[in-house]
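Peer 1: Got a sequence here, can you model it:
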Amino acid sequence: MQHSQDMRFPVGNLRQSLNNMPGKTEVSKAVRVMYRLGYAAKGLVFAIIGVMALMLMLGMGGQLSNPTDALKVINRQPFGQFLLLATGISLLGFVLWRVAQSIFNVEHKPNKPMNIAKRIGYAISGATYLSLAILAIRGFSEGRVQNSEGSMGLTAKALEMPAGPTLVMLAGAIIIGVGIFHAVLGLTKRFMKQYEQGRMTEKERDIVEKAGMIGLPARGFTFGIIGYFFIRAGMHANAAETRNTKGVMEHILSMPMGELILAIIAVGFICYAIYCFAAARFRRFA
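Peer 2: Prediction:
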C-alpha cells in the first residue's frame, strides 16, 4: 500500500503544480522552466526553417525544410549531437506545456466550444512535437536524425480507424481554426498581453510587437493550407494528400507569384521564431 501511495505522489504533485497557473497564484519554477525551454526550442526550429527558405529565395543556397530537416541542420553544427539532445529535451518541455493546456486546462478557460476546440488543437500540437522530440533524442543516441513518417504516416493510421476519414477532416478543420486564431492574435496585437512588458525595453517591445504581427499570421497562413490538405485527405481517404510544413512551402512555390509569397512566409517564420523566443523570455505567468 505504501508503494502504491509513493507511485501516486509525483502525479499529484504534477497536477497541483500545473493547476497553479495563470489566473491563480504564483507558478512553480518547474513549470516556468518547462514552458521557457519548450518555446526556445520551438523558436530555434522555426528560425532554421525560415532562414533556410529565405536563403533559397535569395539564391544563397538553402532549402525548403520541415522540422525534421531543422534537426539535421542542428546535428551538423559543432557539438551538434549535444545541441540535438538539448533541443529534444527542451521540446519535451513544450510537449508537457501542451499536455498541461489540453488535459489540465491550466489557463482555466471556460468549457465553451471554441475553447474546447483550442484544447484539441493543443493536443494535436503536443503529439506533433512529441514525435519531433523523440527524433531529436534518438538522433543523439544514434548519431544521425532519421526521417519520420510525419503527418502522412499519422494520417494513414488515422484513416484505418473507425470513422477515420471524418476524424481526419475534423483535424483539418481544427488546424484551419488554429491558423485563423494565430492570424487574428497577430493582427490585433493581443499576443502582447501574454508578456511582462514592464521587463522589456521600448526597443524590445517594438521588435516583439512587429515580429508577432508578421510571424503569427504567416504561421496561421501555413496552418490554413495544412488544414485544407488534411480535409482533402479525409474526403478522398488518401493520406498522400496531406502536407507538412515543407510540403506547404513547395505548394506555395507552385502558385502564381509563389517565389514572392514564399519569401514573405520565410521572413514570417523568422519573425515567428522571435515571437517564440520572446515568449520564452517574457511570458506573463500571473
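Peer 1: buried ones in stretch 153-165?
Peer 2: 154-156, 158-159, 164-165 (16 or more other C-beta atoms under 10 Å). Yep, even glycine has a C-beta here, placed from its N, CA and C like the rest.
Peer 1: is it possible to export those to CSV including secondary structure, pLDDT and distance to Gln81?
Peer 2: Formatted as CSV, these follow (DSSP: H, G, I helix; E, B strand; the rest coil; pLDDT from 0 to 100; distance: C-beta to C-beta, whole Å):
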residue, secondary structure, pLDDT, distance to Gln81
Leu154, helix, 81, 27
Thr155, helix, 89, 31
Ala156, helix, 90, 31
Ala158, helix, 90, 33
Leu159, helix, 92, 36
Gly164, helix, 93, 38
Pro165, helix, 95, 41
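Peer 1: separation between Tyr195 and Arg219?
Peer 2: 17 Å (C-beta to C-beta, to the nearest Å).
Peer 1: Have a look at these two and say which one is more surrounded.
Peer 2: More crowded of Tyr195 and Arg219, by other C-beta atoms under 10 Å: Arg219, with 25 against 21.
Peer 1: Checking the more buried one next. Helix, strand or coil?
Peer 2: helix (DSSP: H, G, I helix; E, B strand; the rest coil).
Peer 1: which residues touch it?
Peer 2: Going by C-beta atoms under 8 Å, 6 or more residues apart in numbering, Arg219 touches 46, 179, 182, 268-269, 272.
Peer 1: try Gly224
Peer 2: By C-beta under 8 Å, 6+ apart, the neighbours of Gly224 are 175-176, 179-180.
Peer 1: Over to Gly153?
Peer 2: Ala239.
Peer 1: Low-confidence stretches in the chain?
Peer 2: 1-28, 286 (pLDDT under 70).
Peer 1: try it again with 80
Peer 2: Scanning the chain for pLDDT under 80 picks out 1-31, 105-108, 148-151, 285-286.
Peer 1: all helices in it, in order from the N-terminus.
Peer 2: 2-19, 29-57, 67-75, 80-102, 113-142, 150-159, 164-187, 202-236, 245-253, 258-282 (DSSP state H).
Peer 1: my read: Ile134 touches Gly88, true?
Peer 2: Yes: in terms of C-beta atoms under 8 Å, Ile134 counts as a neighbour of Gly88; the distance is 7.5 Å.
Peer 1: that older thread, export the buried residues of stretch 153-165 as JSON lines, with columns for distance to Gly59.
Peer 2: Below are these laid out as JSON lines (distance: C-beta to C-beta, whole Å):
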{"residue": "Leu154", "distance to Gly59": "35"}
{"residue": "Thr155", "distance to Gly59": "34"}
{"residue": "Ala156", "distance to Gly59": "37"}
{"residue": "Ala158", "distance to Gly59": "39"}
{"residue": "Leu159", "distance to Gly59": "40"}
{"residue": "Gly164", "distance to Gly59": "43"}
{"residue": "Pro165", "distance to Gly59": "42"}
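Peer 1: In those, find the pair that's most separated.
Peer 2: Farthest pair in the buried residues of stretch 153-165 (C-beta to C-beta) is Leu154 and Pro165. Separation: 14.1 Å.
Peer 1: Number of residues surrounding Phe223?
Peer 2: Phe223 - counted by other C-beta under 10 Å - has 23 other residues nearby.
Peer 1: Please disregard the earlier target; I meant Gly38.
Peer 2: Gly38, neighbours per other C-beta under 10 Å, totals 25.
Peer 1: Which residues are in contact with it?
Peer 2: 90-97, 280 are the contacts of Gly38 under C-beta under 8 Å, 6+ apart.
Peer 1: Distance check, the residue nearest to it when sequence neighbours are not counted against Gly126.
Peer 2: Leaving out its chain neighbours, the residue that sits closest to Gly38 by C-beta to C-beta, 6 or more residues apart in numbering is Phe94, at 2.8 Å. The gap separating Phe94 from Gly126 is 8 Å, by C-beta to C-beta.
Peer 1: Between these two, tell me which one has more neighbours.
Peer 2: The neighbour count for Phe94 versus Gly126, taken as other C-beta under 10 Å, is higher for Phe94 (27 against 19).
Peer 1: just checking, the more buried one touches Tyr129?
Peer 2: Yes: counting by C-beta under 8 Å, Phe94 touches Tyr129, with 5.3 Å between them.
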